[in-house]
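Student: My questions concern the predicted model and sequence given below.
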Amino acid sequence: MDLSDSLADIVGRVGRSVVAVHGRHRMPSSGVIWRIGVVVTAAHTIRREDGIEVTLTDGRTVAAVLAGLDLGTDLAVLKLDGVDLDPIESGDARSLKPGHLALAVARVDELGISADFGVIGSTGGLWRTWRGGQLDAFVRLDGGLRPGFSGAALADMRGQVMGICTSALMRGAGMVIPGMTVERVTDELLAKGRVSRGYLGVGTQQVNLPDAWVNKLNLPFKSGLLINSLAPGGPAEQAGVLIGDVLIELDGRPCRGMDDVHAALGSSSIGQPLQITSIRGGERHACSVAVGERPQRNSCR
């Protein structure tokens with residue numbers, strides 16, 4: 001079998017578990033049958049909670065129920081009743097390397113199965129999205145995604161699905177939500193309809209610290225997070241945090257950017273005290289904040 005036939009065979013096999021998701025007014029997105037009766041797609045393509053439909057591989061269009069969505073990882077989970085189509089065979093996205101060949105397999109309604117052939121642009125370890133979610137591996141494609149390809153399956157040359165494609169996590173580039181992340185988030189969305197994350201209720205801006213502060217306070221770093229807004233009644237405001245404070249430590253660990261904040265606010269942090277050290281008026285100031293649960297922001301509109 002030559003390369004062309006091999007690629008067509010992979011697209012055909014993976015395509016049996018790829019559906020079209022009608023969750024917005026314009027063209028549908030793609031989705032993947034991840035488990036029997038469960039479809040996973042990109043959360044940013046779901047613009048309504050009711051009236052979602054899925055076009056299956058056999059051409060039938062059936063109703064779907066939104067089990068939950070998570071903007072942090074850009075994943076949405078849909079449940080199908082009475083549909084027992086085979087789920088995909090998933091692989092480990094951490095095995096991907098820059099230059100590996102890959103196939104994005106999508107289903108765009110009446111167009112049927114569509115495929116894009118390309119290479120993996122770059123890879124890395126754990127990656128925090130700009131919305132606060134954590135992916136188990138960083139996998140960037142070598143270009144952007146065509147319309148309808150968010151929610152598509154990303155397959156390697158063995159036909160194993162490495163994850164779900166999305167255009168919402170990095171400007172101008174297609175990203176892959178790894179299968180490990182899909183499994184973890186799907187479990188949580190099916191169980192409770194949301195992914196829990198810690199919440200302080202602060203708006204911040206990274207700033208460089210004046211040399212006078214660095215020297216006076218004997219700091220081993222030169223940046224912190226300026227508090228520029230507070231959620232009324234939020235955990236930070238209740239603990240006495242003020243606009244103008246500059247965060248420098250969380251539980252004794254340096255706080256130099258939002259990645260440090262997100263790392264301290266996992267689901268296990270909810271309800272727990274978090275020791276915050278800030279600079280106020282040129283002096284160290286410490287307080288304890290009871291971490292809240294991040295309010296759920298609904299992308300359906």
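Tutor: Received the coordinates, thanks.

Student: List phi and psi for residue 112.
Tutor: Note on residue 112: its backbone torsions stand at phi 70, psi -150 [degrees, to the nearest 10].

Student: could you point out the longest strand in this structure?
Tutor: Longest strand of the chain, by residue count under DSSP state E: strand 113-124.

Student: downstream neighbour of that strand in the secondary structure list?
Tutor: Using DSSP states H and E, the next helix or strand after strand 113-124 towards the C-terminus is strand 127-128.

Student: could you say what helices and strands that following strand packs with?
Tutor: Contacts defined by 3 or more C-beta pairs under 8 Å, 6 or more residues apart in numbering; DSSP states H and E place strand 127-128 against strand 134-135, helix 258-264. Every C-beta, even on glycine, is put in place using the N, C-alpha and C of the backbone.

Student: Partner strands of the shortest one, with direction?
Tutor: Same thing as strand 134-135. In the sheet, strand 134-135 lines up against strand 127-128 (antiparallel) (DSSP bridges).

Student: Pull the residues that contact the strand it pairs with.
Tutor: Here strand 127-128 makes contact (C-beta atoms under 8 Å, 6 or more residues apart in numbering) with 134-135, 137-138, 259, 262-263.

Student: Low-confidence regions, the chain specifically.
Tutor: Within the chain, the stretches with pLDDT under 70 are 1, 110, 297-301.

Student: mind redoing it with 80?
Tutor: Within the chain, the ranges that satisfy pLDDT under 80 run 1, 109-111, 267, 296-301.

Student: Can you give me the domain assignment for it?
Tutor: 3-192, 198-293 (automatic domain parsing).

Student: give me phi/psi at residue 190?
Tutor: phi -70, psi -30.

Student: If we ignore the residues flanking it in sequence, what's nearest it?
Tutor: Nearest residue to residue 190 in three dimensions, chain neighbours excluded: residue 67, at 5.5 Å (C-beta to C-beta, 6 or more residues apart in numbering).

Student: ok, now which ones touch the one you found?
Tutor: Neighbours of residue 67 in contact, by C-beta under 8 Å, 6+ apart: 38, 77-79, 189-190, 193.

Student: ok so it is a strand residue?
Tutor: Yes: with DSSP: H, G, I helix; E, B strand; the rest coil as the criterion, residue 67 is part of a strand.

Student: That one and residue 50, how far apart?
Tutor: In this view, residue 67 and residue 50 are 13 Å apart by C-beta to C-beta, to the nearest Å.

Student: likewise residue 59?
Tutor: According to C-beta to C-beta, residue 59 and residue 50 sit 23 Å apart.

Student: hey, where'd the helices end up in this protein?
Tutor: Per DSSP state H, the chain carries helices over the ranges 3-15, 179-192, 211-216, 235-238, 258-264.

Student: Between those, which one is closest to residue 109.
Tutor: helix 3-15 (13.7 Å; C-beta to C-beta).

Student: ok, residues contacting that closest one?
Tutor: Under C-beta under 8 Å, 6+ apart, the answer for helix 3-15 is 1, 57, 88, 103, 105, 107, 113, 115, 117, 153, 155, 157, 159, 161.
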